[in-house]
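Q: model this:
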Amino acid sequence: MTAFARFFRSRTGRLRPGWRLAAFVLALCVGAGALTGLWIGLGLPPQRFHGVVRALPQLASGVLVLGLALGVTWVLLRRLEGRGLATVGLAPERGARGWGLGLVLGAITPLLVFAILRVTGHAEIRPEPASLAAIVRATVPMALAVLLLSAWEEIAIRGYPLQLLAESWGPGAAAVATGAVFGLLHAGNPGANPAGLVIIAVNGVLLAWIVIRTGSLWLACGYHGGWNLMAAVILGLRDSGAVHEGALLRAELTGPAWLTGGGFGFEASPVTAAVELLILGGMLRAAERLPGHEAARVFYAGRRSPAVSPSL
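A: I've put the predicted structure just below:
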């Protein structure tokens, strides 16, 4: 093997994990750029208008980017690794249980945070007036949108890229790296502040470690989706600096910004940090009993298993 070839490939002839990761990121960026250009070219409405996330554009965006992430992951796994989506923790037969459990556990966090702030006199809530037509037109599409977009983020960050980083650096460093990226991706949101970004990054590390321990990306997709669904659509809290159209309730946090998270929302609150640490920490302790996938666990641990069928 020439020096040029060794720069790209390992001794086994496989493309090095860093180059596979670069191919994944490049494909996502090119795909996202193409979708953005198409969106603008067709004159479609913006997803956010005056700080309010709009339901139908958000749903369309969720369908497109989730399809992009799944497509890029599937193509690269097949072309570069000879394996399928089950080996990144997306086995269809394991989906309902893992995603459903994650959904319930994820919804608990914002609900507990709101309850604590409510009891201490730092939260108020009121129902949003909504007709059946408004629920069909806005609430249902927004609920679907947050679930799709949550899954897109998990697949794009804690799916194949987490496995590639684990192969290069080990699972611990991979969890830290993806958690940091997860936090930084929220830096452009309205009202973003250092406390909120650090809390999001730490939670990202813990969630990545849960995926590594269980081999279930379904679990992470459900957790992330349940979190956003409860916060943005049911309680109507300010989520990552924005409110969402179609919320069933409208929760307002009152008090000092250090406690409520200020303009960024309750993600930057120390109460959220404590509650999420409790829940994610509990999930880590119970990882052996959570729904998982052994074939995926092998890859998330940074190892390759010759016993894994390419059809998986």
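
Q: quick check: residue 111 vs residue 125, distance?
A: As judged by C-beta to C-beta, to the nearest Å, residue 111 and residue 125 stand 12 Å apart. Backbone N, C-alpha and C define where each C-beta goes, glycine included.

Q: shared neighbours, those two?
A: residue 235 (C-beta atoms under 8 Å, 6 or more residues apart in numbering).

Q: ok, the two, which is more surrounded?
A: Taking other C-beta atoms under 10 Å, residue 111 and residue 125 do not tie; residue 111 has more neighbours (17 against 13).

Q: and the more buried one, that's in a helix?
A: Yes: counting by DSSP: H, G, I helix; E, B strand; the rest coil, residue 111 is found in a helix.

Q: and the pLDDT at the closest residue to it other than its chain neighbours?
A: Excluding its sequence neighbours, the residue lying closest to residue 111 (C-beta to C-beta, 6 or more residues apart in numbering) is residue 230, at 5.6 Å. At residue 230, the model reports a pLDDT of 97.

Q: tell me the secondary structure at residue 230.
A: Classification of residue 230 using three-state DSSP returns helix.

Q: next up, the contacts around it.
A: Contacts for residue 230 (C-beta under 8 Å, 6+ apart) come out as 106-111.

Q: can you rerun that using 10 Å?
A: 103-104, 106-114, 146, 237, 239 (C-beta atoms under 10 Å, 6 or more residues apart in numbering).

Q: quick check, nearest of those residues to residue 61?
A: Nearest to residue 61 among the contacts of residue 230, counting by C-beta to C-beta, is residue 146 at 11.1 Å.

Q: any stretches of the stretch 1-150 of the chain with poor pLDDT?
A: Within the stretch 1-150 of the chain, the stretches with pLDDT under 70 are 1-13.

Q: tell me where it has strands.
A: For the stretch 1-150 of the chain, strands defined by DSSP state E, counting those that start in this stretch occupy the ranges 48-49, 52-53, 123-127.

Q: right, and these - which one's nearest residue 134?
A: Across these, residue 134 has its closest neighbour in strand 123-127 (12.5 Å, C-beta to C-beta).

Q: name the strands paired with the closest one and say parallel or antiparallel.
A: Using DSSP bridges, strand 123-127 pairs in its sheet with strand 249-253 (antiparallel).

Q: now for the residue nearest to residue 156 when sequence neighbours are not counted: which residues touch it?
A: In this structure, residue 156 finds its nearest non-sequential neighbour in residue 69, 4.9 Å apart by C-beta to C-beta, 6+ apart. With contact taken as C-beta under 10 Å, 6+ apart, residue 69 is in contact with 24, 27-28, 31-32, 151-157, 159-160.

Q: residue 102 too?
A: Contact analysis of residue 102 by C-beta under 10 Å, 6+ apart lists 150, 154, 207, 210, 216-227, 283, 290-291.

Q: hmm, try it at 6 Å
A: 219, 222-223 (C-beta atoms under 6 Å, 6 or more residues apart in numbering).

Q: could you dump those residues to a markdown table with neighbour count?
A: Output for the contacts of residue 102, formatted as a markdown table (neighbours: other C-beta atoms under 10 Å):
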| residue | neighbour count |
| --- | --- |
| 219 | 33 |
| 222 | 29 |
| 223 | 30 |
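
Q: let me know the closest of those to residue 50.
A: Closest approach to residue 50 among these (C-beta to C-beta): residue 223, at 30.2 Å.

Q: wasn't that closest one part of a strand?
A: No: counting by three-state DSSP, residue 223 is located in no strand; its state is helix.

Q: hang on, the earlier thing: please indicate which of the contacts of residue 69 are buried?
A: Using 16 or more other C-beta atoms under 10 Å as the burial test, the contacts of residue 69 include 24, 27-28, 31, 151-157, 159-160 as buried.

Q: helices - which of these land there?
A: Those of the buried ones among the contacts of residue 69 mapping onto helices are 24, 27-28, 31, 151-157, 160, per DSSP state H.

Q: which one of the strands of the stretch 1-150 of the chain is the most hemmed in?
A: strand 52-53 (a mean of 18; mean count of other C-beta atoms under 10 Å).
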